[in-house]
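Peer 1: A structural model of the following input is requested.
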Amino acid sequence: MPKNSRITTTVSAKGQIVLPKPIRKTRHWKAGTRLLVEDRPDGVLLKAYPHFPETHPKQVFGCLAYKGEAKSTDEMEAASERAN
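Peer 2: As a prediction, this is how the structure comes out:
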């Protein structure tokens, strides 16, 4: 389905809409897929619900802290080369 193509759908009496199959197929949205709904001034945006909450570096800084002796840049580069 080409980007920016327009397809119409209808809101049911229960407030439900059917996402057209080409959109569901392109997005790999199967039945039961959780979607995030954002109300915006220019319309409504649907996005796949993230598997993990959004975080910022300050929130997670240090969660994988190295507890051993400090390594030099040369030691780290050598270890990286051995791993490849």
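Peer 1: Which parts of the chain are helices?
Peer 2: 21-27, 57-60, 73-83 (DSSP state H).
Peer 1: any idea which of these is most buried?
Peer 2: helix 21-27 (a mean of 12; mean count of other Cβ atoms under 10 Å). Every C-beta, even on glycine, is put in place using the N, C-alpha and C of the backbone.
Peer 1: So what touches that one?
Peer 2: 1, 7, 29-30, 48 (Cβ atoms under 8 Å, 6 or more residues apart in numbering).
Peer 1: Residue 79 versus residue 32, what's the distance?
Peer 2: According to Cβ to Cβ, to the nearest Å, residue 32 stands 44 Å off from residue 79.
Peer 1: Report the mean confidence score over stretch 8-18.
Peer 2: Averaged over stretch 8-18, pLDDT sits at 94.
Peer 1: Closest to the centroid, which residue in the protein?
Peer 2: residue 50 (4.6 Å; Cα atoms, centre = their mean).
Peer 1: tell me the pLDDT at the closest residue in space to it that isn't next to it in sequence?
Peer 2: Distances taken as Cβ to Cβ, 6 or more residues apart in numbering place residue 36 nearest to residue 50, at 7.4 Å, with adjacent residues excluded. Reading off the confidence values, residue 36 has pLDDT 93.
Peer 1: Quick check, residue 36 in contact with residue 48.
Peer 2: Yes: shown here, residue 36 and residue 48 form a contact pair, counting by Cβ atoms under 8 Å, at 7.2 Å.
Peer 1: Tell me how far the worst-scoring helix or strand of the chain on mean pLDDT lies from the chain's centre.
Peer 2: Ranked by mean pLDDT, DSSP states H and E, the weakest helix or strand in the chain is helix 57-60, scoring a mean of 81. Distance of helix 57-60 from its chain centroid, counting by Cα atoms, centre = their mean, to the nearest Å, is 18 Å.
Peer 1: just stretch 22-31 next, same as before
Peer 2: Using Cα atoms, centre = their mean, the distance between the centre of stretch 22-31 and that of its chain works out at 15 Å.
Peer 1: Next: stretch 31-42.
Peer 2: Worked out by Cα atoms, centre = their mean, stretch 31-42 lies 13 Å from the chain centre.
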